[in-house]
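Participant: build me a structure from this.
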Amino acid sequence: MTIQQQLVSASADAIDIFTQQNRKAVVSGGHVPIHQGDTFVIDCDTNKIRIAVATLNQHPQLFSIGVQAKQTGAPLVPEKMLPISDLNASTLLKYMDAHFYK
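Facilitator: Below is the predicted model:
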């Protein structure tokens, strides 16, 4: 599986699990290719919080994750770099559980 496929799969799985566990949640997401890598954004439409998950070609063993206000882009949680081995639905769900409306 490529890093891009891992990013999309982990994000889509996290959205599916979160919305199944939290029936009142309104969550959407999408893959956003960027020149230096890939990004997947996961949005909570109720409280307007966005989680951005990015991989960068120059750091193939790492990915970044950050939480921001969707409308302003203001960071709510500082962006964090994690090992690519942590790029899975479980990691993303921790961020979603902490910041999204349930």
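
Participant: which strands or helices does the helix or strand where Lys94 lies pack on?
Facilitator: Per DSSP states H and E, Lys94 falls inside helix 89-99. If you count contacts as 3 or more C-beta pairs under 8 Å, 6 or more residues apart in numbering; DSSP states H and E, helix 89-99 packs onto helix 3-21, strand 37-44, strand 49-56, strand 62-69, strand 75-83. Every residue, glycine included, has its C-beta placed from N, CA and C.

Participant: nearest to Tyr95, out of these?
Facilitator: When the helices and strands packed on helix 89-99 are compared by C-beta to C-beta, strand 49-56 sits nearest Tyr95, at 5.2 Å.

Participant: export stretch 59-66 as PDB, just CAs?
Facilitator: The C-alpha coordinates for stretch 59-66 follow below in PDB (Å, rounded to 0.1, in the frame of the first residue of the first chain):
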ATOM      1  CA  HIS A  59       9.600  13.100   5.000                       C
ATOM      2  CA  PRO A  60       8.400   9.700   3.900                       C
ATOM      3  CA  GLN A  61       8.600   8.200   7.400                       C
ATOM      4  CA  LEU A  62       6.500  10.900   9.000                       C
ATOM      5  CA  PHE A  63       3.000  12.500   8.700                       C
ATOM      6  CA  SER A  64       1.600  15.600  10.300                       C
ATOM      7  CA  ILE A  65      -1.700  16.100  12.000                       C
ATOM      8  CA  GLY A  66      -3.300  19.300  13.200                       C
END
